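Participant: sequence and predicted model, in that order:
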Amino acid sequence: MNVRRNWKSCGLILMLLLSAHGAPAQDASSSQEPPHPTTWRAWSADVFAEAAREHKLVLLDLVAPWCRWCQVMEAQSYNDPAVRKLIEAGYVAVRVDQNAQPDIANRYRSLALPATVIFDAAGSEIVRKQGFLRPEQIGALLQAVIDDPSPGPSATEDAAPVYSESPVLAPGLLAELKKLFNTQYDIEDKGWAFGVEYVDADRMAYSSAMARQGDASHERRVRGTLQAMQALLDPVWGGIHQSLVVARDFGGRERYVRLQIGGRLDSDGDDWNEPHYEKPLFVQAQALRIYARAYRQWRAPEYLSAAQSVHDYVRRFLTSPEGAFYAGQDAAAKAGDLAAYFAQNDAGRRAAGVPPVDRHLYARENGWMISALCALHAATGDTAARQEAERAARWVIGHRALADGGFAHDNADSTGPYLGDSLAIGQAFLDLYEVTADREWLHRAKASARFIAANFADQSGAGFVTSKISAARAHQPFPDRRENAELARFASLLAYAADDLGIRGMATRAMRYLATGEIATGDFAAPVLLAETQYANAPEHIVIVGDRKDAAAQALHQAALRTGPAHFHLEWPDPSEGLPPRIDLLRPALNQAAAYRCTASGCALAASDRLALEQLLTGHSSAN
């Protein structure tokens, strides 16, 4: 049975943890060091079987390569002789890189790193703790659980929700979700010393769509956030830092807030407001997509400059010789004053040492970056960005492809396959189809969707689970809210592009999960609002007609890419491949390049030149 614990009040265990200088269970000065360091095992069912045989508990240490406090906890706390002795005597120790194992990362998404979770041999959670734990803290915790491994008073079993029968959000729930979205703008997170401004592509995309419809308040929010985000840009090497503490003006009153891209950071357990200079690929992909789409919508030069800064950094620091993308870069080569390090110029930084790069080549992260590069190409016509996206996609196909259209996460996964990889790559293929008009990418996106449907559909009948198999008895496959929102959007657009009812059924399954009240309102509202909008509404559909070598047709295609709305489907069929669905009726048919606007009943002439098409799609035309 899978049990999840919320340890807000945990009796004896947390009394020990909250003691500022709690003594470890064993006195380090009097204990003898074990003969060898802690042996960390990979997460698998075997560790629970071993724990059962040896009458031990299971200790999970969830970390990331960029996590500085994970490294400090390894060097100080887990290297403490008393702590090592406790682990050797009573625990099977498991270490998981959250980048390498998405199912575990999703399960503990809310915990800052390093995350510590203790299970009994049956797989039930006993305690979970986030952030750096000093030797005396982790020692007290390990001993307390050995002494009394019973669950704490706030431990609750996972509730199985009754999923919505309808994929459409009820009117009251939709209104509640929109109200929740508004309250989540510039919120202060409980327990943090400063306000926290979270930035993610979904929130920006939803507000940008509302702004495009004429909502001035949403436009102010988006553009204010875009301006604030520039404080995270690295002025020397380019790219964008994960999180910094910056001064903000609130009605003439200065207040410090933490500006953060992405949802997870590391922590020393006491100060939650440290700068985080790491540059994970996920963060770069989010920032590139945000700024590229903002430039596409508002044509502000500073947005283009920010997008180019991120693109240039990824090209120089995070691109492998084969064209795939590395997982990210750490904050600094050596521990020390990070602010002083990053305040230096290029020569000063290089003299002190270039921060190490995590050279894992994950399919999911590559998919995110491919999609971001497609967004940059759409906004700017940057041919290099499109070519880099195609090159990375070819690498992923050659090195991470599974049978029947799916994708592995890494070269060798301890568990999996994971939904996130096939989903991100499927979305990347669909984005490549939009910017290249090459139907190979559409066929590949359909194959990825079929693999997802065959391997990740939840047995409950609603939603898709994050991994195909259970890695261990503690964690059965479970649906992840953000992944299901992304899947609903991907399947909705792909179903329209391919005219495929089976893929539409995938979107319906994901939306039934998301339309369940406690799931819809369980976290940030934007992912569900975007999924609902794109599921319930057909995309704007533009078809370009003309020879691929015709300059006028090329200009129309690029104009549509750079001015089309967010929920948008663009096709440029090659006559040799036959006409895609829904566009066999062109009224009137012309013997020259043209753009047609399509609905279920056919396609009507929209424009025969670039300026007219831009006028149609945006209400104004550009001069360049």
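Facilitator: Great, that's in hand.

Participant: just checking, next helix/strand downstream of the lowest-mean-pLDDT helix or strand in the chain?
Facilitator: Across the helices and strands of the chain, the lowest-confidence element by mean pLDDT, DSSP states H and E is helix 11-18, at a mean of 31. Going down the chain from helix 11-18, the next helix or strand is helix 45-54, by DSSP states H and E.

Participant: direction included, what does whichever helix or strand comes after that following helix pair against?
Facilitator: Moving toward the C-terminus from helix 45-54, the next helix or strand (DSSP H and E) is strand 57-63. In the sheet, strand 57-63 lines up against strand 91-97 (parallel), strand 115-119 (antiparallel) (DSSP bridges).

Participant: dump the ones you listed to JSON lines, plus mean pLDDT and distance to Gln387.
Facilitator: C-beta: built from backbone N, CA, C; applies to glycine. As requested, the strands paired with strand 57-63 are exported to JSON lines (pLDDT from 0 to 100; distance: least, Cβ to Cβ, whole Å):
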{"stretch": "strand 91-97", "mean pLDDT": "96", "distance to Gln387": "31"}
{"stretch": "strand 115-119", "mean pLDDT": "93", "distance to Gln387": "39"}
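
Participant: most packed of these?
Facilitator: When you average the neighbours per residue for each of those (mean count of other Cβ atoms under 10 Å), strand 115-119 leads with a mean of 25.

Participant: keeping just the C-alphas, turn whichever helix or strand comes after that strand into CSV.
Facilitator: The helix or strand immediately downstream of strand 115-119 is strand 125-130, counting by DSSP H and E. Extracted C-alpha coordinates of strand 125-130, given in CSV (Å, rounded to 0.1, in the frame of the first residue of the first chain):
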residue,chain,number,x,y,z
GLU,A,125,6.6,6.3,4.1
ILE,A,126,7.6,7.0,7.7
VAL,A,127,9.0,10.6,7.3
ARG,A,128,9.9,13.1,4.6
LYS,A,129,12.1,16.1,5.1
GLN,A,130,13.4,18.8,2.8
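
Participant: could you pull up the mean pLDDT of strand 125-130?
Facilitator: In this model, strand 125-130 has a mean pLDDT of 90.

Participant: quick one: strands adjacent to that strand?
Facilitator: For strand 125-130, the paired strands and their directions (DSSP bridges) are strand 115-119 (antiparallel).

Participant: the inter-axis angle of the partner strand versus helix 45-54?
Facilitator: 50 degrees (axes from the mean of the first three to the mean of the last three Cα atoms, to 10 degrees).

Participant: Gly426: which of the strands paired with strand 57-63 is closest?
Facilitator: Nearest to Gly426, of all the strands paired with strand 57-63, is strand 91-97, at 24.1 Å by Cβ to Cβ.

Participant: quick one, what contacts Pro539?
Facilitator: If a contact means Cβ atoms under 8 Å, 6 or more residues apart in numbering, then Pro539 has Leu493, Tyr496, His567, Phe568, His569 as its contacts.

Participant: thought the last one was touching Tyr496?
Facilitator: Yes: judged on Cβ atoms under 8 Å, His569 makes contact with Tyr496 at a distance of 5.9 Å.

Participant: joint contacts of those two?
Facilitator: Listed as contacting both His569 and Tyr496 by Cβ under 8 Å, 6+ apart are Pro539, His541.

Participant: quick revisit: what about the strands paired with strand 57-63, which gets the closest to Val543?
Facilitator: Per Cβ to Cβ, nearest to Val543 of the strands paired with strand 57-63: strand 91-97, 45.0 Å.

Participant: name the residues that touch the closest one?
Facilitator: 38-43, 47-48, 50-51, 54, 56-65, 87, 104-105, 118, 142.

Participant: could you check how far that strand is from the centre of its chain?
Facilitator: Mean-position distance between strand 91-97 and its chain equals 24 Å (Cα atoms, centre = their mean, to the nearest Å).

Participant: remind me which residues of the stretch 351-500 of the chain are low pLDDT?
Facilitator: The stretch 351-500 of the chain contains residues with pLDDT under 70 at 471-474.

Participant: what segments of it are strands?
Facilitator: Taking DSSP state E, counting those that start in this stretch, the strands of the stretch 351-500 of the chain run over residues 357-358.

Participant: show me how the chain divides into domains.
Facilitator: Split into domains by automatic domain parsing, the chain comes to 3-157, 200-318+327-358, 540-618.

Participant: out of those domains, name the one with the poorest average pLDDT.
Facilitator: Among the domains of the chain, domain 3-157 has the lowest mean pLDDT, at a mean of 78.

Participant: burial count for the nearest residue to Arg444 once chain neighbours are set aside?
Facilitator: Among residues not flanking Arg444 along the chain, Phe429 sits closest, at 4.4 Å (Cβ to Cβ, 6 or more residues apart in numbering). As a burial measure, Phe429 scores 28 neighbours (other Cβ atoms under 10 Å).

Participant: secondary structure element for Tyr341?
Facilitator: Element membership for Tyr341 (DSSP H and E) is helix 338-342.

Participant: no wait, Val246
Facilitator: Per DSSP H and E: strand 243-250 holds Val246.

Participant: moving C-terminal of that strand, what's the next helix or strand?
Facilitator: Next element after strand 243-250 (DSSP H and E): strand 253-261.

Participant: buried residues, that following strand. List them.
Facilitator: Val257, Arg258, Leu259, Gln260, Ile261 (16 or more other Cβ atoms under 10 Å).

Participant: looking at the residues you listed, which is nearest Val168?
Facilitator: For the buried residues of strand 253-261, the nearest to Val168 is Ile261 (31.6 Å; Cβ to Cβ).

Participant: what's the distance between the closest one and Leu530?
Facilitator: Distance of Ile261 to Leu530, computed by Cβ to Cβ, to the nearest Å: 18 Å.

Participant: likewise for Ile469?
Facilitator: With Cβ to Cβ as the criterion, Ile469 and Leu530 are 30 Å apart.

Participant: same drill for those two, tell me which one is more crowded.
Facilitator: Leu530 (22 against 13).

Participant: what sits closest to that one if chain neighbours are left out?
Facilitator: Leaving aside its chain neighbours, Leu530 sits nearest to Tyr206 (5.4 Å; criterion: Cβ to Cβ, 6+ apart).

Participant: can you check Gln227 too?
Facilitator: Gln227 sits nearest to Glu302 (Cβ to Cβ, 6+ apart), 7.9 Å away.

Participant: in JSON lines, list the strands paired with strand 57-63 along with distance to Ala332.
Facilitator: Output for these, formatted as JSON lines (distance: least, Cβ to Cβ, whole Å):
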{"stretch": "strand 91-97", "distance to Ala332": "19"}
{"stretch": "strand 115-119", "distance to Ala332": "22"}
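
Participant: and of these, who's closest to Thr380?
Facilitator: Thr380 lies closest, by Cβ to Cβ, to one member of the strands paired with strand 57-63: strand 91-97, at 34.9 Å.
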